[in-house]
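**Student:** Dropping a prediction and its sequence here:
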Amino acid sequence: DILYHAGVNAYFRNDWVVAVQHLERALLNFAALKQVKVECYRRCGEEADFPEPEGLQQKPLPDLRFFDTIFKKAECLGFCETERLGTASLHRVGEDVKIDFEKRTPYNFLQVAYYQLKKLDKAVAAAHTFFIANPEHLEMQQNLQKYKKMSGVSERSFQDLEARPHWVGTTFRTTTSQHTGGGRATLELVLCLCVSDHYIQVLRCRQNCVLEVATRPGRISPVKNFIPSHFEYLQFSYFSAGDLEKALESCKTFLLFYSEDSTMLQNLRYYEASLGVELAALVAVREVIKRYIQRSVLEKRMLYSVAESFEFLFNDPDSWTPEDIAPKSLMEKMNVLLCSGNRQEWEKIQQDLRRQREMEQSFHLQEGKYTLLKETTGVVLWFGGVTAPVSKEMRGGRTIVWGFAIKVDEVQVKNCFISAVPVAGDGYRGRRSPHTPHEHFHGLTVLKALKLARLGSVEQNDARLYYDVSEKSRLLVESYFNLKSPLYFSFSHLVRRSAVEGQQENRLDLSHPVHADNCILDPEGKQCWKEPPAYIYRDLSGILYLNEDFEGGSFFFTDRDAKTVTAEVQPKCGRLVAFTSGGENPHGVRAVTRGHRYAIALWFTLSSQHREQERIQADELLELEEKSVPGKSGQADAGTDMTASPEPPDGEQKSVVKHRMGKVKQRSGERQGQVSGASGEPHSRDEL
Ligand SMILES: O=C(O)CCC(=O)C(=O)O
Ligand SMILES: [Fe+2]
C-alpha cells in the first residue's frame, strides 16, 4: 500500500523517476506476495492431505479426520506465511489497492511515466498490459493505436506483463492441476448439522475455483464451460495435426464431462475405426481430469443434498453435472441462486428474471403495434430518411426509428441549452469530449435546466419544453415496446457535440466509439459483458435529435464486431431512435466535423430501484411550481448540487479505474482521469 501510494503521489507531482521506482516495486511486491501464498498453499496442501492422525488405536470418524485436516492446513498456512512474510499485519494488502492491482491500474500510471521518461518499449508494454484487463478503456485504445504507428515500436513491445499462462494466446492448456488436492473419502461422510456450515463453505469454495480460473483478467464473469471446452479444442487440434491417438485421448476426456454428446461420440467412432478398436481401447483418458471430475462430483452430490434438505443455496458452476446428481428441478432452482445465500439477493434475481421474461415476451407481441401507437400518442410513425433502412425485422424487432415522432421546437431547446451551459457547467470540466479530442462535449440534465429556470438564467418555457419532450419520448418508447410494467428514466441529458475548429483534417475517429449501453462490448470475443462498470440496469435507450445544421454526426448500428455497420440514421429535429440497450445493439456516432449537434440522450429502466433520482426531483419541482403563487418561483432554492457533474454518458463507462482515481485524486489534489492521459492535460494522448 505504501509503495503504491508513494508511486501515485510521485506521479501527480510529475516526478516520473520516483513514480516508476515505487510503482515497479509495488508490482514486484504484489507478485512476490502472491507467489508466496501459492507456494504455501501447495506445500500445506501436500502436507495436510488427509493424513491419519497419529497415536490413535482406532480409525477416527471420517468427519473428525476431515476437520483435523482443515485445522492442520490452516495452521500450516499461517505458519508458512508468517515464516516467509512476517505477521499478517505486515503484508495484508488494502482492499482498494487489491482492486486497483486486479484492474491493473498501476500500469495505467506507469504507461504515462515511462512515456515521459522516453522508455517507449516499457510504455507500450504497460499500456498493453493495462488494456488487456480494460478493453473498454477508449483512451488507452487510442494510445495503443498511436504507439503502433510510432517508429521504434515493434509487435514484440506489446507484451502482457501480467499474462496468466492459461490466458496466453489460445487457451488450450489446462490448469486443473490445482484442483486435484485431497478431499476424497471425507466427502462421503454423513452430514452432521453442527459442522455443516463450515464444511459447506469449504466445499462451495472448492467448487467455485473453476470460476476463478475461467475468468479473464479484469472481468468478473467467467467463460462458460471452461475446462470441457479445452478438450473439444484439443481434440480438433490434434486431429488437424494428424495425431489421432492424442485426439482420441481428448475426445474420451471430453466425454467424461458430456457422455452423451452426439458429435463427440461420432468422433469416438471415427477414431476407433481409424486406429482399430484394440489400439483405441488402449488410449486412456487424462487421469488428472478423471480425478477432478470424481472429486467434483462427490462435492456436488453433497452440496445438492444439503441444498435440498436445508434450503441452502448452491449455484453449481458447471453445466456438465450429471442429472442424477442434481435433479433437474433443483438444478434450475439452484442455477439462479447466488452463493451468498442472501434472501434479498434471491428476490432481486427472481425479479430480474421476471423482468427479462416480460421484456422478451413483449418483443414477440409487437405485431400490430403501430395502430396502438397512433391511438395512444397521436403520432405518425415514419421509417424513411435512413441511409440503410432500419426495420424492426432487421434488428430483431428491437430497434426502431421514428421520424419526427416528437414535435420539438428546435430553437427553444437550443436556447435552453445555450443559456444554461455557461451557468451550469458541464459534465466534462476539461470541456473536450470524453471520446475524442476533436470535439467539445456539453451535457445538461432536466433538473439542472429547471433549477436554472427558477434562478432566471434559463427561460421557464425552454426548460419546460426539455422536460416535456423527454417525457413524451418515454411514453412513446413504453408504448412501442408494449411494456407491462412502468418504464422509468434511468438517466437523461441534453448533449451538445461541437466540432473544434481547425482540428477536423483527416479525422479518422468517431464522435462516440461503438459501444452498447448496458454492457461492456468486447468486439474481439463478440461478447458483451453485462457487469459493472457498465450501467447494467438500463433496459432501453432513446435518442431524440434536435437539429441537423451540422456536418457528420450520423448515428449507426453495427454487428457485435463493432465494425460491420448495419444501419445508419441521420439526425433531424424531432427524430427519435429507440432500441434495447444490450449487446444486441452496438452503436456509435460518426465524427461531427462542423457545427453543433444537439440530442437528448435517454436511458430507461424497468427497475424502480434504479429510476433516476433527479427526475423525481424534477417532477416534484414542477409540481411545486404548479401549486406555488406566481412570482415566487424565482426565490426558490436552486439546490446545492448545481455544479455537480452529471453522470457521464455511455461509452465513457463509469470506470472503476476512475473511481479509484477519485481517491488518489483527493490525496494528490489532481484532476480525475489524468492517469490515462485525459485530453487537455499535460500528459494527454495528443502529446502521444
Ligand atoms: O447521440 C447519439 O446519437 C448517441 C449517443 C449514445 O449512443 C450514447 O450516449 O450512449
Ligand atoms: Fe449509446
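**Tutor:** Arrived safely, thanks for sending. Residues are numbered from 1 along each chain as shown. Ligands and ions are numbered 1, 2, ... in the order given.
**Student:** remind me which residues of the chain are low pLDDT?
**Tutor:** Confidence mapping of the chain against pLDDT under 70 gives the ranges 46-68, 70-71, 136, 165-199, 218-221, 306-313, 326-432, 479-484, 628-688.
**Student:** quick one, domains of it?
**Tutor:** Following the assignment in automatic domain parsing, the chain carries domains at 2-163, 185-341, 382-501+511-620.
**Student:** To ligand 2, which of those domains lies closest?
**Tutor:** Among the domains of the chain, the nearest to ligand 2 by CB to the ion is domain 382-501+511-620 (4.5 Å). All C-beta spots, glycine's among them, are computed from the backbone N, C-alpha and C.
**Student:** Quick check, Arg206 in contact with Glu299.
**Tutor:** Yes. Using CB atoms under 8 Å, Arg206 is in contact with Glu299, at 6.1 Å.
**Student:** tell me the most buried of the domains of the chain?
**Tutor:** Here the criterion is mean neighbour count by mean count of other CB atoms under 10 Å, and of those the winner is domain 382-501+511-620, at a mean of 20.
**Student:** so, in contact with ligand 1 or not, it?
**Tutor:** Yes. Under the criterion of CB under 6 Å from any ligand atom, ligand 1 is reached by domain 382-501+511-620 at 512, 517, 543, 555, 587, 589, 599, 601.
**Student:** what's the single longest helix in this protein?
**Tutor:** Looking across the chain with DSSP state H, the single longest helix is helix 16-47.
**Student:** Among the residues of domain 382-501+511-620 next to ligand 1, which pair sits farthest apart?
**Tutor:** The span of the residues of domain 382-501+511-620 next to ligand 1, defined through CB to CB, is set by Asp517 and Ala599 at 14.1 Å.
**Student:** ranges for the strands of the stretch 401-550 of the chain?
**Tutor:** Remark: strands assigned in the stretch 401-550 of the chain by DSSP state E, counting those that start in this stretch are 439-444, 488-499, 510-515, 520-522, 527-529, 540-545.
**Student:** isn't Arg497 right next to Thr593, touching?
**Tutor:** No. Using CB under 8 Å, Arg497 is not in contact with Thr593; the gap is 10.7 Å.
**Student:** What parts of the stretch 51-200 of the chain come near ligand 2?
**Tutor:** Nowhere does the stretch 51-200 of the chain come near ligand 2, counting by CB under 5 Å from the ion.
**Student:** what ranges do the helices span in the stretch 51-200 of the chain?
**Tutor:** Applying DSSP state H, counting those that start in this stretch to the stretch 51-200 of the chain gives helices spanning 62-85, 88-91, 95-102, 105-116, 120-133, 138-149, 193-213.
**Student:** Looking at the ones you listed, which is nearest to Leu447?
**Tutor:** Among these, helix 138-149 sits nearest to Leu447 (CB to CB), with 27.7 Å.
**Student:** could you check the angle strand 510-515 makes with the closest one?
**Tutor:** Per axes from the mean of the first three to the mean of the last three CA atoms, to 10 degrees, the angle that helix 138-149 makes with strand 510-515 is 100 degrees.
**Student:** What is helix 138-149 packed up against?
**Tutor:** Packing partners of helix 138-149 (3 or more CB pairs under 8 Å, 6 or more residues apart in numbering; DSSP states H and E): helix 105-116, helix 120-133.
**Student:** same thing but at 10 Å, please
**Tutor:** helix 105-116, helix 120-133, strand 510-515 (3 or more CB pairs under 10 Å, 6 or more residues apart in numbering; DSSP states H and E).
**Student:** now check it, is it near ligand 1?
**Tutor:** No. If you take CB under 6 Å from any ligand atom as the test, helix 138-149 misses ligand 1, and the best it gets is 12.6 Å.
**Student:** Who are the contact partners of the residue lying closest to Pro228 once chain neighbours are set aside?
**Tutor:** Nearest residue to Pro228, sequence neighbours excluded (CB to CB, 6 or more residues apart in numbering): Phe257, at 4.1 Å. With contacts defined as CB atoms under 10 Å, 6 or more residues apart in numbering, the neighbours of Phe257 are 225, 227-229, 231-232, 264, 289, 292-293, 318-322.
**Student:** and which of these is nearest ligand 1?
**Tutor:** Among the contacts of Phe257, Asn225 lies closest to ligand 1 (CB to the nearest ligand atom), at 32.1 Å.
**Student:** residues touching that closest one, list them.
**Tutor:** Applying CB under 10 Å, 6+ apart, one finds that Asn225 lies in contact with 210, 214, 232, 257-258, 318-320.
**Student:** Out of these, which sit inside helices?
**Tutor:** Per DSSP H, these map to helices at 210, 232, 257.
**Student:** roughly how far apart are the last one and Glu299?
**Tutor:** Which is Phe257. Counting by CB to CB, to the nearest Å, the gap between Phe257 and Glu299 amounts to 15 Å.
**Student:** The first one now?
**Tutor:** As defined by CB to CB, Val210 lies at a distance of 11 Å from Glu299.
**Student:** where do the helices sit along the stretch 501-650 of the chain?
**Tutor:** Ranges of helices in the stretch 501-650 of the chain, per DSSP H, counting those that start in this stretch, are 613-627.
**Student:** What residues does the stretch 451-600 of the chain have near ligand 2?
**Tutor:** Residues of the stretch 451-600 of the chain lying close to ligand 2 (CB under 5 Å from the ion) are Asp517.
**Student:** For ligand 1, what is the nearest residue in the stretch 351-500 of the chain?
**Tutor:** Ligand 1 sits closest to Val495 of the stretch 351-500 of the chain, with a gap of 6.2 Å, by CB to the nearest ligand atom.
**Student:** surely that residue meets Asn547?
**Tutor:** No. Between Val495 and Asn547 there is no contact under CB atoms under 10 Å: 11.8 Å.
**Student:** which neighbours do those two share?
**Tutor:** 597-599.
**Student:** what comes into contact with the helix or strand harbouring Tyr270?
**Tutor:** Tyr270 belongs to helix 262-275 when assigned by DSSP states H and E. With CB under 10 Å, 6+ apart as the test, helix 262-275 has contacts from 228, 231-232, 235-236, 239, 244-245, 247-255, 257-259, 261, 277-283.
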